[in-house]
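Peer 1: fold the following and give me the result.
(one chain, ligands or ions: 2)
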Amino acid sequence: MIEIDNVSKWYGDFNVLKHCTTSVTKGEVVVVCGPSGSGKSTLIKTVNGLEEFQEGDIRVDGTALKDKSTNLPKLRSRVGMVFQHFELFPHLKITENLCLGQMKVLGRDRETAMKKATALLERVGLEAHAHKFPGQLSGGQQQRVAIARALCMDPIVMLFDEPTSALDPEMVNEVLDVMVELAREGMTMMVVTHEMGFARKVANRVIFMDRGEIVEDATKDDFFGKPRSERAQQFLSKILTH
Ligand SMILES: Nc1ncnc2c1ncn2[C@@H]1O[C@H](COP(=O)(O)OP(=O)(O)OP(=O)(O)O)[C@@H](O)[C@H]1O
Ligand SMILES: [Mg+2]
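Peer 2: Residues are numbered from 1 along each chain as shown. Ligands and ions are numbered 1, 2, ... in the order given. This is a model prediction of the structure:
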């Protein structure tokens, strides 16, 4: 579903991604972790064309991002993205947040969009909040809305960039529960997170990045059992002792 092939990227002369190669097959859940500044967000943003890259290639569902004939907005509309800070439109009610992309990008009529929005709000347990504004919801609730909004677009893959790291601890689980359910239903997911409980529960593979490189790309059992690199071992021992 996602093929990242020898991708390198520079910000000016800073080499932020170095020869990154990996792939995510349909239905697979891949967790990306690593120290701050290692390039995790940059890597995940290149996948839906939010960040350009100078070398290598990325294909999503067989479509090459670099190909000039690729309709990037169309491809992007099929790749759900959930960020650390929710990125909901504050001036729009929850239902409007969920309908906007469906109507503007997918051309759905209001009734169809609303039906979908209602179904997905129910799924994340927030149907009672449909007519509120984002600011009237807790962080955990807003993040569940953000997930529902992404799902409204019928994505073929979901990308998450530290979806729980801005949340108060008591709200982390309600968001992770939604993500675990999604994974178990077979959604293809690439998730930047340091929630190792989540990784243990549903990840098929774990990618460990350091200084722009994919240092480790292992099955969950191998990663937690015996990370090969010293850098991954150090990282794991640090986050697991917290
Ligand atoms: N627009 C930019 N211009 C220049 N440098 C940038 C830009 N965005 C990110 N960087 C740098 O690229 C490196 C990788 O950033 P990135 O955000 O991908 O790291 P990360 O692994 O997601 O870190 P964190 O865990 O803190 O979110 C960092 O050193 C960062 O300072
Ligand atoms: Mg980041």
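
Peer 1: in this structure, which spans are helices?
Peer 2: Counting by DSSP state H, the chain has helices at residues 40-47, 72-77, 94-104, 110-123, 139-151, 169-184, 196-202, 220-225, 230-241.

Peer 1: in TSV: those helices, plus distance to ligand 1, mean neighbour count and mean pLDDT.
Peer 2: All C-beta atoms are positioned from the backbone trio N, CA, C, and that covers glycine. Converted to TSV, these look like this (distance: least, C-beta to the nearest ligand atom, whole Å; neighbours: other C-beta atoms under 10 Å; pLDDT from 0 to 100):
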stretch	distance to ligand 1	mean neighbour count	mean pLDDT
helix 40-47	3	22	96
helix 72-77	19	14	88
helix 94-104	24	20	96
helix 110-123	27	17	96
helix 139-151	16	24	96
helix 169-184	16	17	94
helix 196-202	15	18	92
helix 220-225	17	15	90
helix 230-241	11	14	83
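
Peer 1: present those as CSV; the columns should include distance to Cys33.
Peer 2: Listed next are these as CSV, based on distance: least, C-beta to C-beta, whole Å:
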stretch, distance to Cys33
helix 40-47, 7
helix 72-77, 25
helix 94-104, 29
helix 110-123, 27
helix 139-151, 19
helix 169-184, 15
helix 196-202, 7
helix 220-225, 9
helix 230-241, 7
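
Peer 1: so which of these gets nearest Leu159?
Peer 2: helix 40-47 (5.2 Å; C-beta to C-beta).

Peer 1: please export the C-alpha coordinates of that closest one as PDB.
Peer 2: Output of helix 40-47 as PDB, limited to C-alpha atoms (Å, rounded to 0.1, in the frame of the first residue of the first chain):
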ATOM      1  CA  LYS A  40       9.600  10.700  12.000                       C
ATOM      2  CA  SER A  41       7.100  13.600  11.200                       C
ATOM      3  CA  THR A  42       9.000  14.500   8.100                       C
ATOM      4  CA  LEU A  43       8.900  10.900   6.800                       C
ATOM      5  CA  ILE A  44       5.200  10.400   7.500                       C
ATOM      6  CA  LYS A  45       4.400  13.800   5.900                       C
ATOM      7  CA  THR A  46       6.200  12.800   2.700                       C
ATOM      8  CA  VAL A  47       3.900   9.900   2.300                       C
END
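
Peer 1: show me what it is in contact with.
Peer 2: Defining contact as C-beta atoms under 8 Å, 6 or more residues apart in numbering, one finds that helix 40-47 is touched by 2, 4, 7, 9, 16-17, 20, 32-34, 51-53, 58, 60, 65, 79, 159-162, 190, 192, 209.

Peer 1: give me the buried entries from those residues.
Peer 2: 2, 4, 7, 9, 16-17, 20, 32-34, 51, 53, 58, 60, 65, 79, 159-162, 190, 192, 209 (16 or more other C-beta atoms under 10 Å).

Peer 1: restrict those residues to contacts with ligand 1.
Peer 2: Val16, Gly34 (C-beta under 6 Å from any ligand atom).

Peer 1: among the buried ones among the contacts of helix 40-47, which are located in strands?
Peer 2: Under the assignment DSSP state E, those contribute 2, 4, 7, 9, 16-17, 20, 32-33, 58, 60, 79, 159-161, 190, 192, 209 to strands.

Peer 1: okay, now Ile207: neighbour count?
Peer 2: Neighbour count for Ile207, taken as other C-beta atoms under 10 Å: 24.
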